[in-house]
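*Asks:* structure, please.
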Amino acid sequence: MSNLTIKLEGQEQANYIKEHFGTKEVPKTALKFYSRLNMFKGNNVSFNPKTKTAKSYNWWEFVKVIGGKLVFNHYHYSQSTSKHQSKVRNLLDQLNIPVDIYVEAPKGLQNLDDSIKYMGRRIATLELEQSKGKKKSWAYENRSNQIKAFRESISELQEALV
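*Replies:* Numbering: from 1, shown residues only. From the prediction side, this is the model:
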């Protein structure tokens, strides 16, 4: 056993892992893989590789497939959920699962209408801050980039919801 992987015993487990991960070994991650549950779990965080859904504290969804696109909520709800997001983001990288859309959804991905409204309010706030600043400043450029990212997220999310 290498220090990069964890071998699981039993032909059934090996077949599941090979089918879902393309190898006989599950990548070593911050989240432990439970073959009976077919899930990666850690302290108050879970990721289901079959449904591609992640939850913090078993209710706050921050990764979910919507309209065939993998959506990652990178809103920092709390310090602990921020750690959960980091662990799952690293896991997705290790499993070569690309994220299609990044959004900010304070109430989780289970409430997308509020997410779209929230990002719209963030755009309005950033535009107001921009109107008061210097156009050649770093802050102005940073706000422009944030506005662009929010608009893209809203557009991609609305497209996925159709």
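
*Asks:* can you map out the strands along the chain?
*Replies:* With strands called from DSSP state E, the chain shows them at 5-7, 25-27, 32-34, 39-42, 45-48, 53-56, 60-66, 69-73, 101-103.

*Asks:* lowest-confidence stretch among those?
*Replies:* Ranked by mean pLDDT, the strands of the chain end with strand 5-7 at the bottom, a mean of 40.

*Asks:* and the helices in the chain?
*Replies:* Using DSSP state H, the helices of the chain run over 11-21, 79-94, 112-132, 138-161.

*Asks:* show the average pLDDT along the third one.
*Replies:* Think helix 112-132. Per-residue scores along helix 112-132 average to 93.

*Asks:* show me what counts as buried in it.
*Replies:* Of all the residues in helix 112-132, those buried under the rule 16 or more other CB atoms under 10 Å are 112, 115-116, 118-119, 122-123, 126, 130. The C-beta positions use only the backbone N, C-alpha and C, and glycine is treated the same way.

*Asks:* cool, and the second one?
*Replies:* Using 16+ other CB under 10 Å as the test for burial, helix 79-94 gives 81, 83-85, 87-89, 91-92, 94.

*Asks:* return the member of these nearest to Gly108.
*Replies:* Ranked by distance to Gly108 (CB to CB), those are led by Thr81 at 9.5 Å.

*Asks:* residues touching the closest residue to the closest one other than its chain neighbours, list them.
*Replies:* Spatial nearest neighbour of Thr81, excluding adjacent residues (CB to CB, 6 or more residues apart in numbering): Ser56 at 4.4 Å. Contacts were defined as CB atoms under 8 Å, 6 or more residues apart in numbering; by that measure Ser56 touches 44-45, 62, 77, 80-81, 84-85.

*Asks:* which residue is the nearest non-sequential neighbour of Tyr34?
*Replies:* In space, and not counting its chain neighbours, Tyr34 is closest to Lys41: 5.8 Å by CB to CB, 6+ apart.
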